[in-house]
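Enquirer: Coordinates for the following, if possible.
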Amino acid sequence: MVPVSELRAAIPIGVVQGLNPFLTAVAAVAGNMIPVPFVVLFIRQIFDWARRRSPWLERRVTRFEEKLDRKAENVLKYERLGLLLFVAVPLPGTGAWTGAAIAAILDLRLRSAALSILGGLIIAACIMTSISFGIVQL
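Expert: Next up is the predicted model:
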């Protein structure tokens, strides 16, 4: 559930520790899905609250929103499929947290956003599990 690393770190760590790879991937996907509805539903209120708290937080929120807007351009072009593909790419900054924030900014419905994010997480989990075993080599 930790932003940035998400399942991209959880799966390799689980594999290195000798855990069942399938269960590790399932747990990583489930853990990544827990914050999704909260981010989609409440990120705008959190941003508004942060802006009112201090100029420092306002600058951080503005910078983060600008970054999200740049990433959202590609997602907007393909909508739900774009969101799925965005989350599926196993790179930092492309996971469930960012995908959920983009979905909120684009006013996607929670159900369709969550399904796209879940699909992307499943793809990312398959990729990371494969990489962890050395099947896919970068």
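Enquirer: Leaving aside the residues adjacent along the chain, what's closest to the residue nearest in space to the middle of the chain?
Expert: Centroid check for the chain by C-alpha atoms, centre = their mean gives residue 96 as the closest residue, at 1.6 Å. Among residues not flanking residue 96 along the chain, residue 32 sits closest, at 4.4 Å (C-beta to C-beta, 6 or more residues apart in numbering). Heads up, the C-betas are built off the backbone N, CA and C, glycines and all.
Enquirer: Restricting to C-alpha, output the host helix or strand of the one you found in CSV.
Expert: Per DSSP states H and E: residue 32 is located in helix 21-33. The C-alpha trace of helix 21-33 is given here as CSV (Å, rounded to 0.1, in the frame of the first residue of the first chain):
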residue,chain,number,x,y,z
PRO,A,21,4.8,-16.2,-5.7
PHE,A,22,1.1,-16.4,-6.5
LEU,A,23,0.0,-15.6,-3.0
THR,A,24,2.6,-12.8,-2.9
ALA,A,25,1.2,-11.3,-6.1
VAL,A,26,-2.4,-11.6,-4.8
ALA,A,27,-1.5,-10.0,-1.5
ALA,A,28,0.3,-7.2,-3.3
VAL,A,29,-2.6,-6.5,-5.6
ALA,A,30,-5.1,-6.6,-2.7
GLY,A,31,-2.9,-4.3,-0.7
ASN,A,32,-2.6,-1.8,-3.5
MET,A,33,-6.4,-1.8,-4.1
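Enquirer: Sort out which residues of the helix or strand just after it are buried, please.
Expert: Moving toward the C-terminus from helix 21-33, the next helix or strand (DSSP H and E) is helix 36-53. Of all the residues in helix 36-53, those buried under the rule 16 or more other C-beta atoms under 10 Å are 36, 39-40, 43, 47, 50.
Enquirer: for stretch 53-68, same thing?
Expert: So, applying 16+ other C-beta under 10 Å, buried residues of stretch 53-68: 61, 65, 68.
Enquirer: for the record, mean pLDDT for stretch 38-58?
Expert: Averaging pLDDT along stretch 38-58 yields 92.
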